[in-house]
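Chemist: The following comprises the amino acid sequence and a computationally predicted model.
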Amino acid sequence: MNNQLIQFAYLAAAVLLILGMRNLSSAKTAPRGNLIASLGMLIAIVATLLAQGVVDYLVIFAGIVVGSAIGLVLAQRIEMTAMPQMVALLNGFGGGASALVATAEFLSYERSGTVPEGVVPYAIVAGVLIGCITFTGSLIAFSKLQELMRGAAITYPLQNISNLLMGIAVIVLGAMVVMDSSAVGPFWILAGLSLLLGILLVIPIGGADMPVVISLLNSYSGLAACATGFVLGNSGLVISGSLVGASGIILTKIMCDAMNRSIGNVLFSAFGAGAGEAGPVAAAGDQGTAKGYTPEDAAVIFANARSVIVVPGYGMAVAQAQHAVRELGDLLQESGIKVQYAIHPVAGRMPGHMNVLLAEADVPYEQLVEMDEINPEFPETDVALVIGANDVVNPQARTEKSSPIYGMPILDVDRARHVFVIKRSMNPGFAGIQNPLFFHDNTMMIFGDAKKTVVAIAAAVRDFS
Ligand code: NAP
């Protein structure tokens, strides 16, 4: 096929991928965005298959059949809550594929005795280095989230320094390979050390920080694909790889900002080491006594309420309470109460966690309100109903400079007239700190599993009305 036509097809594919991503920014247009981006990808694949240089269509066809079959089964079986580890695995395969392509190109140059020109030697090294780190790093992220290995941060003395030395060694080896395209020994050591580095960089990161790491590894897999694009002279791969690289790093930044932590802090501080998933458990301190109430008490207050803001968190996801929450929301609305759902950007354990669960329970998109928009409404709200959320509603983040979450934007539930908090105990959340909200005069703790308690409150509301 004519080269100009191929390049035009890649350009069209890139435009469709960008338009697709644009549409993904809203839940309403996201399905359309998926379709547009898929069409772009299809055009890129067809253009690549028609380009010169394809050695064996049968092997490619067999790969498509096997890959599609595995993908189809995985996509149908995967639980929504297991999505982060699925993404991690796919990122890893992407990085691994880029590393293999770069390795094959290096070996073919070395065997034919030709010297790669222009940016190609740099791209080969970048493809192998980033691809290998992404491959093993993503497998560790997958294993932590799938609980195949300990989720907590794994630390040992001089960890950051030894990783830094290994990073320097990898860069020196990379420079050797760039300068001498027949340096097979340094090439294999570079690949081996990069694989090891991927493992060592991810094990000190706690399981609950994994979504941030996965987003970063997603960015790496894009960069590795982009490097491979330069190696193969494939502009479609360069463009789509850069898009993935850029969007992954933007998502990582958004998540870090929402937690008021730097990327460096997430990657190198071993947050939560030694205390399991929940992080270091702080003493409750002398904050008074939290008051426990019953679902029936809550029903009495709901009977006089005109507005309710539901604030879901990680506990709602653990209890799989989203359907019960929607039923309670519907019930309250039927009795004339305005019901909205407040979405904190890092509530739960993955980006969009609450949106996904509430959408699964058919909560209308219009009722989901982002943090910045909903916060001014709390002072005018009768009841803030906190369901399994803790850190994202901790007022300490506004005032307590020594707190690990100081500066993290929170949902201002404490400013509502009444606050109901549903959780099982006084245990802390991810950040491992106590929450003064639970001791406020306007807070009513309703202890119990989120699903059972929400069902009990709904029953009490029905009985009371
Ligand atoms: P959280 O602070 O981790 O608190 C969750 C609370 O849910 C816990 O205090 C727990 O208390 C309760 N809970 C657990 N299982 C429950 C059940 N079955 N029924 C009722 N309650 C239950 O959660 P969050 O407020 O959603 O905050 C998210 C945290 O994760 C933030 O610190 C954020 O920075 C971090 N994080 C988020 C992301 C992301 O992408 N979303 C990524 C990395 C880190 P009990 O044990 O007493 O029940």
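Modeler: In hand now; what should we look at? Numbering: from 1, shown residues only.

Chemist: Hmm, Thr443 is touching Thr289, no?
Modeler: No: using CB atoms under 8 Å, Thr443 makes no contact with Thr289, being 11.3 Å away. (Each C-beta comes from the backbone N, C-alpha and C, glycine too.)

Chemist: So for those two, which sits in the more crowded spot?
Modeler: Neighbours per residue, other CB atoms under 10 Å: of Thr443 and Thr289, the larger number sits with Thr443, 22 against 8.

Chemist: Buried residues of stretch 145-157, list them for me.
Modeler: Neighbour counts over stretch 145-157 (16 or more other CB atoms under 10 Å) mark Leu145, Gly151, Ala152, Ala153, Ile154 as buried.

Chemist: can you put those residues in CSV and add secondary structure, pLDDT and distance to the ligand?
Modeler: CSV is the format used below for the buried residues of stretch 145-157 (DSSP: H, G, I helix; E, B strand; the rest coil; pLDDT from 0 to 100; distance: CB to the nearest ligand atom, whole Å):
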residue, secondary structure, pLDDT, distance to the ligand
Leu145, helix, 85, 11
Gly151, coil, 79, 12
Ala152, coil, 82, 14
Ala153, coil, 85, 13
Ile154, coil, 89, 18
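
Chemist: tell me the mean pLDDT over stretch 63-80?
Modeler: Average pLDDT, stretch 63-80: 90.

Chemist: just stretch 191-208 next, same as before
Modeler: Rounded mean pLDDT across stretch 191-208 is 91.

Chemist: Flag every buried residue along that stretch.
Modeler: 191, 193-198, 200-208.

Chemist: so how far is that stretch from its chain's centroid?
Modeler: 18 Å (CA atoms, centre = their mean, to the nearest Å).

Chemist: cool, and stretch 339-346?
Modeler: 17 Å.

Chemist: Then stretch 14-29?
Modeler: Counting by CA atoms, centre = their mean, stretch 14-29 comes out at 18 Å from the chain centroid.

Chemist: Strands of this protein, start to end?
Modeler: 307-312, 338-343, 368-370, 383-387, 418-423, 443-447 (DSSP state E).

Chemist: just these: most buried one?
Modeler: Among the strands of the chain, strand 383-387 has the highest mean neighbour count (mean count of other CB atoms under 10 Å), at a mean of 29.

Chemist: Indicate whether that strand makes contact with the ligand.
Modeler: No: against the ligand, strand 383-387 shows no contacts by CB under 6 Å from any ligand atom, the least distance being 7.2 Å.

Chemist: Can you work out which other helices and strands pack against that strand?
Modeler: Packing partners of strand 383-387 (3 or more CB pairs under 8 Å, 6 or more residues apart in numbering; DSSP states H and E): strand 307-312, strand 418-423.

Chemist: how about a markdown table for those strands, with mean pLDDT and distance to the ligand added?
Modeler: Converted to a markdown table, those look like this (pLDDT from 0 to 100; distance: least, CB to the nearest ligand atom, whole Å):
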| stretch | mean pLDDT | distance to the ligand |
| --- | --- | --- |
| strand 307-312 | 98 | 8 |
| strand 418-423 | 97 | 4 |
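
Chemist: would you turn those into TSV with distance to Met86?
Modeler: Output for these, formatted as TSV (distance: least, CB to CB, whole Å):
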stretch	distance to Met86
strand 307-312	22
strand 418-423	28
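
Chemist: Could you tell me the per-residue confidence at the residue in the stretch 351-465 of the chain positioned nearest to the ligand?
Modeler: At 2.1 Å from the ligand, Gly429 is the closest residue in the stretch 351-465 of the chain, using CB to the nearest ligand atom. On pLDDT, Gly429 comes in at 91.

Chemist: ok, how many other residues are close to it?
Modeler: 24.

Chemist: re the thing from before, among the strands of the chain, which is nearest Asn34?
Modeler: strand 368-370 (19.3 Å; CB to CB).

Chemist: Direction included, what does that closest one pair up with?
Modeler: Paired neighbours of strand 368-370 in the sheet (DSSP bridges): strand 338-343 (parallel).

Chemist: What mean pLDDT does the strand it pairs with get?
Modeler: 97.

Chemist: Let me know the angle separating that strand from strand 383-387.
Modeler: 40 degrees (axes from the mean of the first three to the mean of the last three CA atoms, to 10 degrees).

Chemist: Strand 338-343 vs strand 307-312, what angle?
Modeler: Going by the same axes, to 10 degrees, strand 338-343 makes 30 degrees with strand 307-312.

Chemist: Strand 338-343 near the ligand at all?
Modeler: No: residues of strand 338-343 are not located near the ligand by CB under 6 Å from any ligand atom, the shortest gap being 10.5 Å.

Chemist: need the helix or strand of this structure with the lowest average pLDDT.
Modeler: helix 263-268 (a mean of 84; mean pLDDT, DSSP states H and E).

Chemist: what comes up buried for that one?
Modeler: So for helix 263-268, counting by 16+ other CB under 10 Å, buried means Val266, Leu267, Phe268.

Chemist: Looking at those residues, spot the one nearest the ligand.
Modeler: Val266 (8.2 Å).

Chemist: How many residues are close by the one residue in the stretch 201-350 of the chain that gets nearest to the ligand?
Modeler: Nearest residue of the stretch 201-350 of the chain to the ligand (CB to the nearest ligand atom) works out as Gly315 at 2.5 Å. For Gly315, the neighbour count with other CB under 10 Å is 22.

Chemist: mind checking pLDDT for the nearest residue to it once chain neighbours are set aside?
Modeler: Leaving aside its chain neighbours, Gly315 sits nearest to Gly388 (1.8 Å; criterion: CB to CB, 6 or more residues apart in numbering). pLDDT, Gly388: 97.

Chemist: Next: Gly40.
Modeler: 95.

Chemist: And the residue of the stretch 51-200 of the chain that's closest to the ligand?
Modeler: For the stretch 51-200 of the chain, CB to the nearest ligand atom, closest residue to the ligand: Pro84, 8.4 Å.

Chemist: Just read off the phi/psi values of the closest residue to that residue other than its chain neighbours.
Modeler: Of all residues not flanking Pro84 in the chain, Met350 sits nearest, at 4.7 Å (CB to CB, 6+ apart). Note on Met350: its backbone torsions stand at phi -150, psi 160 [degrees, to the nearest 10].
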